[in-house]
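In: Here is my input; please provide its structure:
(chains A and B)
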Amino acid sequence: MNLLNTVRDRFATALSGMVTDVAPLLEMIRPAQDAKFGDFQANFAMPLAKQLGKPPREIAQMAIDRLQISDLCEPAEIAGPGFINLRLRDEFIARRISQTAGDDRLGVLPVSAPRNVVVDFSGPNVAKPMHVGHLRSTVIGDAICKTLRFAGHHVTGDNHIGDWGTQFGMIIYGYRHLRDDAAFADNSVGELARLYKLVNTLSDYQNTVTKLPGLEETAATLRTQLTEQEVATGTDEKAKKQLGAVRKQLAAAHDAVKTAGETISSVESNPVLLKLSQSHPGIARLARDETVKLHAGDAENNRLWNEFLPECLEALNRIYQRLGIEFDLELGESYYNPMLADVVASLKIKSLARESAGATCVFIEGNAAPFIVQKTDGAFTYATTDLATIQYRCDTLKAAEILYVVDKRQSEHFQQLFATATLWGMTNARFQHVAFGTVMGKDGKPYKTRSGDTVGLESLIDEALSRARRIVDENDDRREMPMLSSDERATVAEIVGIGGIKYADLHHSRDSDYIFDWDKMLATTGDTATYMQYAYARICGIFRKLDIERNTLTSGGSTILLMTPEERRLALQLLMFETSIDGLLQDYRPHVLTSWLFETADAFSKFYDRCSVQDAESKELRHSRLILCDLMARALRTGLALLGIQVAEVM
RNA sequence: GCGCCCGUAGCUCAGCUGGAUAGAGCAACCGCCUUCUAAGCGGUAGGUCAGUGGUUCGAAUCCACUCGGGCGCACCA
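Out: This is a model prediction of the structure:
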C-alpha cells in the first residue's frame, strides 16, 4: 500500500474530530524535505491556527495526542512554528520491506476502482516521416499506458494515425505527375515521402509568392506608422509603450518577409524546382482536389490509397518495433470518415453548429475563433474527426477517461474540442489534454538538421545506437578482462541507446520545452537511463559472483536487517515505489517516476559502496542484503519497464 | 489586437498547488580502485528564484504592474 497514504490515513482519523474538512490538510503531509526532519512531515498546524483560534504548536500537539501511529513511527516531534515530524520505526520498515520482498508487484496493490482509459498518443502522419515531436508523444504516451495498466486500469492505447488528410492528396498528385518509377520500385515509401515533400515545397512556394506583396505592404505600413509616431512621441509613458508595440510588430513583419524570401529563393535558386513549379501552377489546389475526390469516394484515388497505406503503416511499424512500442488499437482518421456527415448533422440538430462565412462552425464562449467542423468546400476537418473519435471512444470503447498526448501548442483546439463534445452530450468521460513542450536544438530553436529539415526518427535511432555502441565498446575495452562479446555489445548498445533517448525525454517535466542533447542523454555520468541500468547490472554481478539462485532467496522467509543508514534509506526508498506511481498518475507526469528511479538507484549505489554483500558480518546480514539486492533489481527493472526502458544483466 | 505559457547555480532542469537555511545532474576544483562492474563513491565551490509592489505568521510558489522570451489565434492536421 502507498506508504504516504498509510500515514495520511492515520492523520485522517486523528483530525476527523477536530475539523470538518480533513482532505486539504492531508495534502499537507509529505515526505520530509530534509532527512534531518525525519521521514514524513505534516504542515497543517499553521494554517489551522487562525481557524481554530489556537497557537499552531498547540494544534500540532492536539493532533499528535489523537494520532495512533506508534506501530509505524517513533514519537512525533513538533518543530519550529508547528511542523510535525515523523520518523518511521526501523522495525516497521524492516517488516514492510520483508513483505514486499516476496511480492511480484513490489507491494503495489491494484487500484480498487479500475477505469476504462483511452490514451491517444503518437499520431504520426503517414505521408511525412516521423520526427522528434512524434517521439515525445510516443514515449510519454507509452509510459502513461504502461503505468496505468500496471496500476490496474483498463487501458486502450490508440494510435490515431493521420491517414486521410490533405497530405494524402499531395501524395496522390505527386504520384500521378511527378513520380520516379525506378525509385518507387526500389523503395515505395521513400519515394512517396519524397513526393509529399516535393508537392508541399512547391505549394508552399507558390502560396508564399502570392502572399509576399501583402507581407511587404504590412511591413511598409508599419514602418511609416513607426516613423510618424516617433516624431510625435514625447515623454508620455503610454505613447512610448505603444511605440514599443509597433516596433515589435514591425520586427515580426520583417521576419515574416524574410522567411518568405527564404522560402522563395530556396525554390528559385534551384532550376529543377523552379521549372517544376512553372509546369504545375496552382499545385496546392490541385492536390486539395485529389483529397476531395478521395473523400468523395473516387474509385481511382481510393485504389491508390489502399495501395499506399499498408506500406506506409509498415514503415511506421518498423520504427515502433525498434522503439519497443505497441498499441492496442490503431484507428486512423480514415476509420471515422463514414461518421463525419452524421456528426455535423447532429451538431446542427442540437443547434450547436451554424453557418458562418460559408463554413459550419461551433462557437465556444470565450474563444474568438470558431471550431470549424465543415469547410466552405464541404470537406470535414480534424475537428470533425476528433468529435467522431470521441463518440466512438465513449459509445463503443466505453471510455471513462480519454487522454490526448499531444503538443501543447494545440491546447486551444482541445479546449474547443472538449467543450463541444460536452455540449454535444459526451458527458460520461473525462477528457484531458496531456500536453508536452517542443523539442529544441541546442540553439534553443525547434530541433532541425543543419539544412533546416526536421530530423527523421529513423536516423535519430541509428545515431543513438551508434553512439551507444561506441560508449559500450570504450567501457568494455577499458577492462582488464572485457565482459562482452560483439553480439552482446550490440544488444547492450540498443538497450542503452533507446533507453537514453526515452529517459532524457521523460525526466523533463512534460509541459516544458526540452533541449535535445546527445551528449547529455548518453552521458556516462549522472541522471541518465544508464545510471539505473548500470546499477541493475552491478546487482546481477553480485548474484553471478556469489553464484546465488535468485528465485529461492525468499523461500525460507525473508527477514531484512537494517544495520546501516544506507540499508535503511534504500529500504525506505523501495517502499515509496507505489507513492511515486500514484504521483505519476495523478497528473500523468512520468518525471515523477524518473525522479524516484534516480533517487532509488542513488540510494543503491551508496549501499553498494558501503555495505558489502559477500563480506557481510553475519550469514543473516548477508542473506538480508541479498534479498534487498534482489528487490532492488526487480524494482529497477519494473520501474524502467513502465517507462519503456530495458535493462541488461551485464554491461 | 485577443489568448496561453515561460524567466530558479556557468549549462540542463526539479521544486509535489503557500512551509523550515531554495534542490539535483552536468561542467569546475580536491580526494577514493590489493575488496561484489570506478558507467561508481566522498568532498569543495557556485543563487538578489527577472524586477517592483501587494496579500500573511510565512511567497520561487498566490495577486497587480514592469522588463525580457516563446507559442497560438477561421477553412493544414
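
In: mind listing what A:Phe40 touches?
Out: A:Phe40 is in contact with A:Leu4, A:Val7, A:Ile29, A:Arg30, A:Pro31, A:Ala32, A:Asn85, A:Leu86, A:Leu88, counting by C-beta atoms under 8 Å, 6 or more residues apart in numbering. (Glycine included, C-beta is placed from N, CA and C.)

In: Tell me the bridge partners for it.
Out: Applying DSSP bridges to A:Phe40 gives these bridge partners: A:Pro31, A:Leu86.

In: how much space between it and A:Met576?
Out: Distance from A:Phe40 to A:Met576, counting by C-beta to C-beta, to the nearest Å: 11 Å.

In: joint contacts of the two?
Out: In contact with both A:Phe40 and A:Met576: A:Leu4, A:Pro31, using C-beta under 8 Å, 6+ apart.

In: if we can go back for a sec, filter the contacts of A:Phe40 by proximity to RNA strand B?
Out: Among the contacts of A:Phe40, the residues lying close to RNA strand B (C-beta under 7 Å from any atom of the strand) are A:Arg30, A:Pro31, A:Ala32, A:Asn85.

In: Distance to A:Asp527 for those - can I get that in JSON lines?
Out: JSON lines is the format used below for those (distance: C-beta to C-beta, whole Å):
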{"residue": "A:Arg30", "distance to A:Asp527": "22"}
{"residue": "A:Pro31", "distance to A:Asp527": "19"}
{"residue": "A:Ala32", "distance to A:Asp527": "22"}
{"residue": "A:Asn85", "distance to A:Asp527": "28"}
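
In: Now the helix or strand of chain A with the lowest mean pLDDT: buried residues?
Out: Ranking every helix and strand in chain A by mean pLDDT, DSSP states H and E puts helix A:237-268 at the bottom, with a mean of 79. For helix A:237-268, the buried set under the neighbour-count rule, 16 or more other C-beta atoms under 10 Å, comprises A:Leu243, A:Val246, A:Gln249, A:Leu250, A:Ala253, A:His254, A:Ala256, A:Val257, A:Ala260, A:Thr263, A:Ile264, A:Val267.

In: any idea how far the last one lies from A:Asp204?
Out: Taken as C-beta to C-beta, the spacing of A:Val267 relative to A:Asp204 amounts to 8 Å.

In: and what of the third one?
Out: Shown here: A:Gln249 relative to A:Asp204, a distance of 24 Å by C-beta to C-beta.

In: The fourth one too?
Out: Relative to A:Asp204, A:Leu250 is positioned 24 Å away (criterion: C-beta to C-beta).

In: All the strands of chain A, in order from the start?
Out: A:29-31, A:40-42, A:77-79, A:83-86, A:116-120, A:154-158, A:353-356, A:359-362, A:371-374, A:401-407, A:430-436, A:439-440, A:514-515 (DSSP state E).

In: how about TSV for the ones you listed, with mean pLDDT added?
Out: Formatted as TSV, these follow (pLDDT from 0 to 100):
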stretch	mean pLDDT
strand A:29-31	94
strand A:40-42	95
strand A:77-79	93
strand A:83-86	95
strand A:116-120	98
strand A:154-158	98
strand A:353-356	94
strand A:359-362	96
strand A:371-374	96
strand A:401-407	96
strand A:430-436	96
strand A:439-440	91
strand A:514-515	90
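
In: pLDDT averaged over the longest helix anywhere in chain A - what is it?
Out: Ranked by residue count and defined by DSSP state H, the top helix of chain A is helix A:188-232. Confidence over helix A:188-232 (mean pLDDT, whole number) is 86.

In: Sketch out the low-pLDDT regions of the stretch 501-650 of chain A for me.
Out: Low-confidence segments of the stretch 501-650 of chain A, defined by pLDDT under 70, are absent.

In: and the closest residue to A:Thr381 other than its chain neighbours, how far is that from A:Arg354?
Out: Once flanking residues are discounted, A:Thr381 sits nearest to A:Ile372: 5.4 Å by C-beta to C-beta, 6 or more residues apart in numbering. The span separating A:Ile372 from A:Arg354 equals 11 Å under the rule C-beta to C-beta.

In: before we move on, back to that, what's the longest helix of chain A packed up against?
Out: Packed against helix A:188-232, as judged by 3 or more C-beta pairs under 8 Å, 6 or more residues apart in numbering; DSSP states H and E, are the following elements: helix A:166-178, helix A:181-186, helix A:237-268, helix A:271-279, helix A:283-296, helix A:299-323.

In: How about residues contacting stretch A:159-170?
Out: A:120-128, A:195-196, A:199-200, A:203, A:287-292, A:294-295, A:305, A:309, A:312-313, A:316, A:327, A:329-334, A:337, A:382, A:385, A:389.

In: So which of those residues reach RNA strand B?
Out: Answer for the contacts of stretch A:159-170 near RNA strand B (C-beta under 7 Å from any atom of the strand): A:Asn125, A:Arg288, A:Glu333, A:Tyr382, A:Thr385.

In: any idea which of those residues is closest to RNA strand B?
Out: Taking C-beta to the nearest atom of the strand as the measure, RNA strand B sits nearest to A:Tyr382 out of these, at 3.2 Å.

In: burial measure for the closest one, as a count.
Out: When neighbours are defined as other C-beta atoms under 10 Å, A:Tyr382 has 18 of them.

In: ok, now A:His131?
Out: The local packing of A:His131 (other C-beta under 10 Å) involves 20 other residues.

In: which residues sit in contact with it?
Out: A:Thr454, A:Val455, A:Gly456, A:Leu457.

In: mind giving me the domain ranges of chain A?
Out: A:3-88, A:90-119+A:144-159+A:463-651, A:166-303 (automatic domain parsing).

In: ranking those domains by burial, who's on top?
Out: Per-stretch averages of neighbours, counted by mean count of other C-beta atoms under 10 Å, single out domain A:90-119+A:144-159+A:463-651 among these, with a mean of 18.

In: Between the two ends of it, how far is it?
Out: Distance between the two ends of domain A:90-119+A:144-159+A:463-651: 34 Å, counting by C-alpha to C-alpha, to the nearest Å.

In: so how far is that domain off the chain centroid?
Out: Taking C-alpha atoms, centre = their mean, to the nearest Å, one finds the center of domain A:90-119+A:144-159+A:463-651 at 20 Å from the center of the full chain.

In: Helix A:271-279 and the least confident helix or strand of chain A, what's the angle between them?
Out: 100 degrees (axes from the mean of the first three to the mean of the last three C-alpha atoms, to 10 degrees).

In: now for helix A:237-268, which elements pack on it?
Out: helix A:188-232, helix A:271-279.
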